[in-house]
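Engineer: Sequence and predicted structure, then a few things I'm wondering about:
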Amino acid sequence: NDGRITETHGFGGLEYNYDDGSSRIKSEFGYRSEDYFTTPVSGEKNVKTMLHGYVDWVHALGGGYSLQVNSDTEFRNQTSKEYFKGQTAIGVAKSGLGDAAVEIGYDGDKKFYAGLLTWKMSGGWHLKAVAGSRRGGLKCINGLCRIYPEYRGASLELVSRF
C-alpha cells in the first residue's frame with residue numbers, strides 16, 4: 001500500500017489548588033485526528049477524530065474526609081461511527097483509611113456499573129474490592145498502560161508497593 005496516515009494531536013491541562021492545598025481540581029483535554037492519504041494524491045479520508053478529557057476533583061470535607069470525582073471520557077468519530085467511551089467514578093475517601101466509590105462506564109450503547117472499596121493497610125499495602133461490571137480496553141493507571149478485558153463479577157486485590 002502506498003498510502004500514509006497523518007496524525008494531528010493537541011493536548012493541554014490545568015490544575016487549581018484551593019482550601020490551603022487540601023482541595024484541587026485537575027483537568028486535561030485534547031483533540032486528535034487521523035487522516036489517510038493515498039499516492040498519487042486522490043484525496044484524503046478521515047479515519048478517526050477524537051476529543052478526550054480527564055477531570056480529577058478532590059474536595060476536602062473536613063475531619064480527613066474528601067469527596068472525589070474522576071472522569072476519563074472520549075468522544076470518537078471512527079470510520080463514520082460516533083460514540084462516547086470512558087468511565088466516571090464518584091466516591092468518598094478518609095485519609096489514611098481508604099475510600100468507597102461507584103463507577104459508571106460507557107462504551108457506545110453499553111453501560112457498566114461497579115462499586116469499589118479500598119482499605120489502606122499499614123505501609124504500602126492496600127486491599128481493593130470491586131463488584132459489578134467494568135469497561136474493558138486500554139487503561140493507563142499511574143503511568144502504566146495495559147489492556148483490560150471487559151469484566152462482570154467480584155474481585156479482591158491485595159497490592160503492595162515497595
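Structural biologist: Structure received.

Engineer: Flag the shaky bits of this protein, pLDDT-wise.
Structural biologist: Low-confidence segments of the chain (pLDDT under 70): 1-3, 38-44, 46, 142.

Engineer: For it, which segments are assigned as strands?
Structural biologist: Using DSSP state E, the strands found in the chain span residues 4-18, 23-37, 44-62, 65-78, 81-94, 98-107, 110-120, 125-134, 137-141, 144-148, 151-160.

Engineer: Which other helices and strands does the fifth one contact?
Structural biologist: Strand 81-94 sits against strand 65-78, strand 98-107, strand 110-120, with contacts defined as 3 or more C-beta pairs under 8 Å, 6 or more residues apart in numbering; DSSP states H and E. Quick note: C-beta positions are derived from backbone N, CA and C, even for glycine.

Engineer: same deal with the second one?
Structural biologist: Where contact means 3+ C-beta pairs under 8 Å, 6+ apart, strand 23-37 is packed against strand 4-18, strand 44-62.

Engineer: Comparing those, which stretch has the densest surroundings?
Structural biologist: Stretch with highest mean neighbour count among the helices and strands packed on strand 23-37: strand 44-62 (a mean of 15; mean count of other C-beta atoms under 10 Å).

Engineer: mind exporting that strand as PDB, just the C-alpha atoms?
Structural biologist: Provided in PDB are the C-alpha atoms of strand 44-62 (Å, rounded to 0.1, in the frame of the first residue of the first chain):
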ATOM      1  CA  GLU A  44      -7.800  12.100   2.000                       C
ATOM      2  CA  LYS A  45     -10.100  10.100   4.200                       C
ATOM      3  CA  ASN A  46     -10.600  10.800   7.900                       C
ATOM      4  CA  VAL A  47     -10.000   7.600   9.800                       C
ATOM      5  CA  LYS A  48     -10.600   8.900  13.300                       C
ATOM      6  CA  THR A  49     -11.400  12.100  15.100                       C
ATOM      7  CA  MET A  50     -11.300  12.200  18.900                       C
ATOM      8  CA  LEU A  51     -12.000  14.700  21.600                       C
ATOM      9  CA  HIS A  52     -10.800  13.500  25.000                       C
ATOM     10  CA  GLY A  53     -10.900  14.800  28.500                       C
ATOM     11  CA  TYR A  54      -9.900  13.900  32.000                       C
ATOM     12  CA  VAL A  55     -11.100  15.500  35.200                       C
ATOM     13  CA  ASP A  56      -9.900  14.700  38.700                       C
ATOM     14  CA  TRP A  57     -11.500  16.700  41.600                       C
ATOM     15  CA  VAL A  58     -10.800  16.200  45.300                       C
ATOM     16  CA  HIS A  59     -12.700  18.400  47.700                       C
ATOM     17  CA  ALA A  60     -11.900  18.300  51.400                       C
ATOM     18  CA  LEU A  61     -14.900  17.900  53.600                       C
ATOM     19  CA  GLY A  62     -13.100  18.200  57.000                       C
END
